[in-house]
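[1] let's see this in three dimensions:
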Amino acid sequence: MHVKIQAARANDGRAPVRRKGSTVDIFQRVFGVKDHEGKPIGTSQLKKLYRETLNIAWPSTVEGALLSVIGSVDTMMVGTLGAASIAAVGLTGQPRMIMLVLAQALCVGTTALCARRKGADDQAAANACLNQSLAMITVIGVLMTLLGFWGAEWLMKLGGANEDTLALSITYFRIISLAFLPQCWQLCICAAMRAIGKTRVTMITNITANVINLCLNYVLINGKLGFPALGVKGAAIATACGTVAASLICVFTVLGKGGYYHLKLPRFDRTTLSGLMKVGSSSMAEAVCLRLGFLLLARLIAGIGTNAFAAYQIVSQVTSLSFTLGDGVATGGTSLVGQSLGARRKDLAMAHARAAYRIGLFVSLGLMVIIFVFRRQIALLFTTDETIILGVTASLYVVIVALIPQNGRVILSGALRGAGDVRFVAVCALLSVTILRPVLTWLFCYPVASWFPDTQIAVVSPWIAFAIDAVVRDRLMAARLKKGEWLDIKLS
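    Residues are numbered from 1 along each chain as shown. Take a look at the predicted model:
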């Protein structure tokens, strides 16, 4: 009788029976997680959790990794034009992200709300959310295009462009601004797809579009196959064409029959708008904090010199790869946490968040080894300038240390967003990215660097601040997750 009871417990998804040193025991020790009440998840349920997370995460992770690699190749191609061109294209990054703040905030709300409605098995409500979001983001996209094109010079000066980079950055930004509207459509549809776990759609969409971008870069930047050599202008045209291609693929995906979503004229309802506003407003506050912080960082680093900023851009490509790998895993956590709460399963929501965090740990360890072994080869892919190479390799040592907390905070942020707890994430961004990280960057780049002339301190300093920021936010997110208040948030 006692044996039967133990067997029953082993199959209930909570308390497995395992012998010390057995395969089950090792699996639990390495991958075991607990639910919101602190009870360990049984082996059978645990395997299901990881399988569900990985099924959603791997397409997003592959997508992010390939896009990061393609983006790096893009930078390499621009790098053939010199340090000023690398810096000019890099300077457009933060103004571009500032322009996208409102659209991305709306998309975060779309993901959270659609995931809840998917978990509650309410397909009609999920479709209503997507259609209302698309209508609103269309207006946002039109306004972004007008502001980006006509306000390019002001935005580039705000981003820290100097005499070497101003004209090039304005040219690049005006061209990519013409693709802001289709980019908004792409972001919104992909956000809704991730909410229901259809990450393969977003993977195919973005990879196809970026391959187009890469091919056009090849022929337009330096002039190949009979095309004119357009330099930075060619890179901008390639980026805009890739964005438009991604948007068209997304639109055709939701226009087709038999899918979960169907496009139609929206009927706005208070419940959906309230949910989008609740999550979107906090997400926008977070994004504003992030963009202001990153804008300050760009200006501080640009002030050191063109070579230092070029080194910063190269290392940023590596951290972008790390971020996208962590973000891919976070996508699984966001979707499954939202769906679990929609199905009123707090235990599964907590378990999915912790499982995603555990996966991120192993991803980070693998990436740390790769970066350490190939640190100089990575720098050589972008430039042959030995000064820049030394700055990049020194910076990568610091980045390696920060990878585990960096990916940890990305994944935990994703889980909290899936629950709609965006306000806490925004407060963390305000304290750490907008205040702590710029202050530390200034401190290390200027006063401290002046004490050690003829060293790489100024170049490495932004990444020391990056590491401290990653640790602070990772610990804040972990404490929030453990407390469990996010499990009771209502969205609609």
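[2] show the residue spans covered by the helices in the stretch 201-350 of the chain.
    Using DSSP state H, counting those that start in this stretch, the helices of the stretch 201-350 of the chain run over 232-255, 270-302, 306-342, 346-373.
[3] helices and strands around the second one, which ones?
    It refers to helix 270-302. helix 83-91, helix 93-99, helix 101-119, helix 123-150, helix 306-342, helix 422-429, helix 437-443, helix 457-483 (3 or more C-beta pairs under 8 Å, 6 or more residues apart in numbering; DSSP states H and E). Just so you know, the C-beta spots here come from the backbone N, C-alpha and C atoms, and that holds for glycine as well.
[4] ok so, going back, select, out of the helices of the stretch 201-350 of the chain, the one closest to C428.
    helix 270-302 (8.2 Å; C-beta to C-beta).
[5] ok now that closest one, how far from the chain's centre?
    What separates the centre of helix 270-302 from the centre of its chain is 13 Å, taken as C-alpha atoms, centre = their mean, to the nearest Å.
[6] ok, stretch 214-225 next?
    Using C-alpha atoms, centre = their mean, the distance from the centre of stretch 214-225 to the centre of the chain it belongs to is 28 Å.
[7] same question, stretch 150-169
    Stretch 150-169 sits 25 Å away from the centroid of its parent chain (C-alpha atoms, centre = their mean).
[8] same question, stretch 186-197
    With C-alpha atoms, centre = their mean as the basis, stretch 186-197 stands 14 Å off its chain's centre.
[9] list the buried residues for that stretch?
    If you call a residue buried by 16 or more other C-beta atoms under 10 Å, then stretch 186-197 has these buried ones: Q186, L187, C188, I189, C190, A191, A192, M193, R194, A195, I196, G197.
[10] wait, the third one sits on A135?
    No - the pair formed by C188 and A135 falls short of the contact definition of C-beta atoms under 8 Å, at 9.8 Å.
[11] could I get the helices of the stretch 201-350 of the chain as TSV with distance to N127, mean pLDDT and mean neighbour count?
    As requested, the helices of the stretch 201-350 of the chain are exported to TSV (distance: least, C-beta to C-beta, whole Å; pLDDT from 0 to 100; neighbours: other C-beta atoms under 10 Å):
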stretch	distance to N127	mean pLDDT	mean neighbour count
helix 232-255	9	87	21
helix 270-302	10	80	20
helix 306-342	15	81	26
helix 346-373	24	89	20
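[12] nearest to S44, of those?
    Each of these was checked against S44 via C-beta to C-beta, and the shortest separation belongs to helix 346-373, namely 12.7 Å.
[13] quick one, the helix or strand following that closest one and helix 83-91 angle?
    The first helix or strand that comes after helix 346-373 along the chain, using DSSP states H and E, is helix 375-382. Angle between the axes of helix 375-382 and helix 83-91 is 100 degrees (criterion: axes from the mean of the first three to the mean of the last three C-alpha atoms, to 10 degrees).
[14] can you mark which positions in stretch 465-485 are buried?
    The neighbour-count check on stretch 465-485 (16+ other C-beta under 10 Å) flags 465-474, 476-477, 480-481 as buried.
[15] meant to ask about stretch 437-452, not that
    Neighbour counts using 16+ other C-beta under 10 Å place R437, P438, L440, T441, W442, F444, C445, A449 of stretch 437-452 among the buried residues.
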